[in-house]
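Student: Dropping the sequence and predicted coords here.
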Amino acid sequence: MGISFRKSFKIGKNTRINLSRGGGIGFSTGFKGFRISKNNYGLRVSLGGKGIYYTKWFTKKKKKRKEKKKIKDRDINKVEQEIEEENVIDPETDFERIPTEDEQALLLYLGSPIRNYILYFLFITLLGLGIYGFIEKTLLSYILIGVNVLLLGLYLFKSKLNYYIFGLNRSISLFEKNRFDKAYMILKKCLAIKPRSNKALILMMFTTFKLEKYQETVNYIDAYKKDYAPLEVMNFMEGVALCELGHYEEAISAIEKVYSEEEDIKYSKYKILGDCYTGLKEYDRAIRWYEELPVKEDEMNDDLLEYKYGLGKALLLSGKKKRAFSYLMEVYDYRADYEDVKELMSQI
């Protein structure tokens, strides 16, 4: 009989250490709307809210399938159950592909610091000279210690590289604590020093996206794409940002580059496409995309609220008032003050 276990320990406001038989020791950090998880299986990035989600798994290894055992004197129902369980995709262990080098840069959100080897060298040299001066106690040793201290001080206060490394590490810490405004200000200075830094650009994309500075999000994605191949999550953020800015045709072009077949991502993609075609006043196309969403489900939640509202509005604008009423009425009953649902209902 297989034995499994799972245990989680909270080590901070938003960070946990997770223990499990299959995943080993893992870490997860984040907050509502954004989370990073990592264990033996790989790295998962989750981003979203208000009916729009992006979740992605990356791994270096595939789950090994157990060899089929010989069937002898077994109940046929148990055999069928085992076959069915073997064919089920486990999202914790079955992944899409090996991450590229650029995608592995997302590990920085787990708090992986950027190393300042020059600073390490100066500190180690000072330590060595300090030991030497304590033993020998000569004029030369004191001069060498003084020179090293002077170099260290000049490097700390004058070096742009040191400020960049310190600032990037500080912004990572602030981002994980939800202090996006402060992280944003520091990252601006880091990018002034190294405008083409892929790690600073990636972190700035997420920071501006969380602050809803959508035009800046698009600008930083464009800057990243000049030197690096864009990640799928960047196409997703770009599509959302452009849709919010009213650049619907560009948003459609960006979101169509998101190819994931995961359900949450597909629903997010359909909703954005529906919103874009509504903005372009192509209501029939918008309706077709909204109808790909689970809008016929009865039990309302915040996601269905977004989906039903979008479909109801598109139906109303296309002149199909009877169908629009059924969806908008559900939105109104669930949350009467949502968006402009009262105004839309009055038109019906």
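Tutor: Good, I have the coordinates. Quick caveat: nothing in here was measured; it's all calculated off a predicted structure. Numbers count the residues shown, from 1 in each chain.

Student: Please make it C-alpha for all contacts and neighbour counts, starting now.
Tutor: Will do.

Student: so which strand or helix has residue 223?
Tutor: For residue 223, the element it lies in under DSSP states H and E is helix 214-225.

Student: What helices and strands are in contact with that helix?
Tutor: helix 198-210, helix 232-245 (3 or more Cα pairs under 8 Å, 6 or more residues apart in numbering; DSSP states H and E).

Student: so can I have CSV of those helices showing mean neighbour count, distance to residue 140 and mean pLDDT?
Tutor: As requested, the helices and strands packed on helix 214-225 are arranged in CSV below (neighbours: other Cα atoms under 10 Å; distance: least, Cα to Cα, whole Å; pLDDT from 0 to 100):
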stretch, mean neighbour count, distance to residue 140, mean pLDDT
helix 198-210, 22, 43, 87
helix 232-245, 22, 56, 89
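
Student: Can you mark which positions in stretch 118-137 are buried?
Tutor: 122, 125-126, 129-130, 132-133 (16 or more other Cα atoms under 10 Å).

Student: Between those, which sits nearest residue 275?
Tutor: Proximity of the buried residues of stretch 118-137 to residue 275 (Cα to Cα) peaks at residue 122, which lies at 55.7 Å.

Student: Wait, that closest one touches residue 148, no?
Tutor: Yes. Assessed by Cα atoms under 8 Å, residue 122 is found in contact with residue 148 at 7.2 Å.

Student: where do the contact lists of these two overlap?
Tutor: Taking Cα atoms under 8 Å, 6 or more residues apart in numbering as the contact criterion, residue 122 and residue 148 have no common neighbours.

Student: Next one: residue 129 from residue 149, what distance?
Tutor: Look at residue 129 and residue 149: by Cα to Cα, to the nearest Å, they are 10 Å apart.

Student: returning to what we had before: would you mind giving the helices and strands packed on helix 214-225 as TSV with distance to residue 190 added?
Tutor: Listed next are the helices and strands packed on helix 214-225 as TSV, based on distance: least, Cα to Cα, whole Å:
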stretch	distance to residue 190
helix 198-210	7
helix 232-245	20
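
Student: Tell me which stretches of the stretch 51-200 of the chain form helices.
Tutor: 76-87, 101-104, 117-136, 139-158, 160-176, 180-193, 198-210 (DSSP state H, counting those that start in this stretch).

Student: Okay, angle between the fifth one and helix 139-158 too, please.
Tutor: Put plainly, it is helix 160-176. 60 degrees (axes from the mean of the first three to the mean of the last three Cα atoms, to 10 degrees).

Student: helices or strands up against helix 160-176?
Tutor: Helix 160-176 makes packing contacts with strand 24-31, helix 139-158, helix 180-193, helix 198-210 when contacts are defined by 3+ Cα pairs under 8 Å, 6+ apart.

Student: For the longest one, give me every contacting residue.
Tutor: Here helix 139-158 makes contact (Cα under 8 Å, 6+ apart) with 119, 122-123, 125-126, 129-130, 132-133, 162-163.

Student: rerun that using 7 Å as the cut-off
Tutor: Identification of contacts with helix 139-158 by Cα atoms under 7 Å, 6 or more residues apart in numbering yields 122, 126, 129-130, 132-133, 162.

Student: least confident pick among those residues?
Tutor: Within these, pLDDT reaches its minimum at residue 132, with 72.
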